[in-house]
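A.B. asks: Kindly generate the corresponding structure for this input.
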Amino acid sequence: MGGLDPGVFALVFAAVLIGSTVQSVVGLGVGLVAAPVITLVEPDLMPGVMLALAFVLPCVTLVHDHDDIDWRGLGWSLPARVVGSAVGVWVVATFSADQLGAFIGTIVLLAAALTWHAVTVPITRSTLGTAGFVSGVTGTATSIGGPPFALLYQHRPPTQIRTTMAVYFVVGAALSLAGLTMSGDLELHQVAVATLLLPALGLGVLAGVPLRRRVPAERVRPAVLLVSAASAVVLVVRSLV
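C.D. replies: Numbering: from 1, shown residues only. Predicted structure coming up:
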């Protein structure tokens with residue numbers, strides 16, 4: 001169990017299982033659900049464990065779903081993610097995750113609330129670049145980088161949301177892991193624990209397949225917003241407490 005207490009490992013395993021199930025359905029969720037739990041019970045595992053899992057899970061998704069990917073949007077957001085990841089590495093080495101988490105969580109919560117009522121954020125070069133940069137910072141520093149990108153794609157077809165975000169998460173997690181490795185902030189113990197949690201990812205993907213068929217397309221957008229808002233609330237509370 002990677003040196004973890006059995007009860008702690010079981011709790012982390014359950015969080016990753018639930019989060020990967022959510023992500024299999026709506027396109028994001030494993031970091032949003034599991035990162036706060038891991039940070040609360042075993043903070044030394046963050047952000048390495050979640051970034052490693054965030055790299056593997058979308059690879060599994062892309063094996064089955066690889067159509068309707070918005071390559072143009074990725075072309076504008078991923079370069080900004082590179083810059084944001086570099087800033088995120090600096091943040092990890094300089095500031096506490098609590099300081100960043102409280103601010104980013106509040107911004108994401110406000111954005112989700114505004115979008116829920118009527119505000120639609122257009123997908124343009126500037127918004128894609130901004131989302132990519134912010135996601136790079138938060139994804140590297142806290143392993144929660146999905147909401148800024150998800151808010152842009154909330155009105156797109158469910159398949160495009162899942163596949164585009166899967167590509168984004170694979171590249172983004174790889175950049176964050178590479179940056180943390182070069183800075184010495186990625187520990188071998190974190191990678192070992194992530195390996196032990198891979199069965200939770202697999203079970204989550206299997207559980208999400210039948211759920212995906214039963215969730216109507218019009219419910220995907222509210223689901224994305226609810227997951228983003230819930231993660232923001234947890235992030236703010238975790239940071240303040």
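
A.B. asks: Which elements pack onto the helix or strand hosting residue 182?
C.D. replies: Residue 182 is located in helix 158-183, with elements delineated by DSSP states H and E. For helix 158-183, the packing partners by 3 or more Cβ pairs under 8 Å, 6 or more residues apart in numbering; DSSP states H and E come out as helix 6-26, helix 48-64, helix 71-94, helix 125-142, helix 146-152, helix 220-240. Any C-beta I mention is one placed from the backbone N, CA and C, and that applies to glycine too.

A.B. asks: So for residue 189, which of those helices sits nearest?
C.D. replies: helix 48-64 (8.3 Å; Cβ to Cβ).

A.B. asks: Identify all contacting residues around that closest one.
C.D. replies: Contact with helix 48-64 is made by 16, 20, 23-24, 30-31, 34-35, 38, 139-140, 143, 162-163, 165-167, 169-170, 172-174, 176-177, 180, 185-187, 190-191, 193-195, 197-198, 201-202, 204-205, as judged by Cβ atoms under 8 Å, 6 or more residues apart in numbering.

A.B. asks: what comes up buried for it?
C.D. replies: By neighbour count on 16 or more other Cβ atoms under 10 Å, the buried set for helix 48-64 is 48-58, 60-62.

A.B. asks: any chance of the residues you listed in CSV, plus pLDDT and distance to residue 89?
C.D. replies: Listed next are those as CSV, based on pLDDT from 0 to 100; distance: Cβ to Cβ, whole Å:
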residue, pLDDT, distance to residue 89
48, 88, 12
49, 92, 17
50, 90, 15
51, 91, 11
52, 93, 16
53, 92, 19
54, 89, 16
55, 91, 16
56, 91, 21
57, 86, 22
58, 86, 21
60, 83, 26
61, 79, 26
62, 86, 26
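
A.B. asks: what's the farthest-apart pair in the residues you listed?
C.D. replies: Across the buried residues of helix 48-64, the longest distance by Cβ to Cβ is 22.4 Å; it joins 48 and 62.
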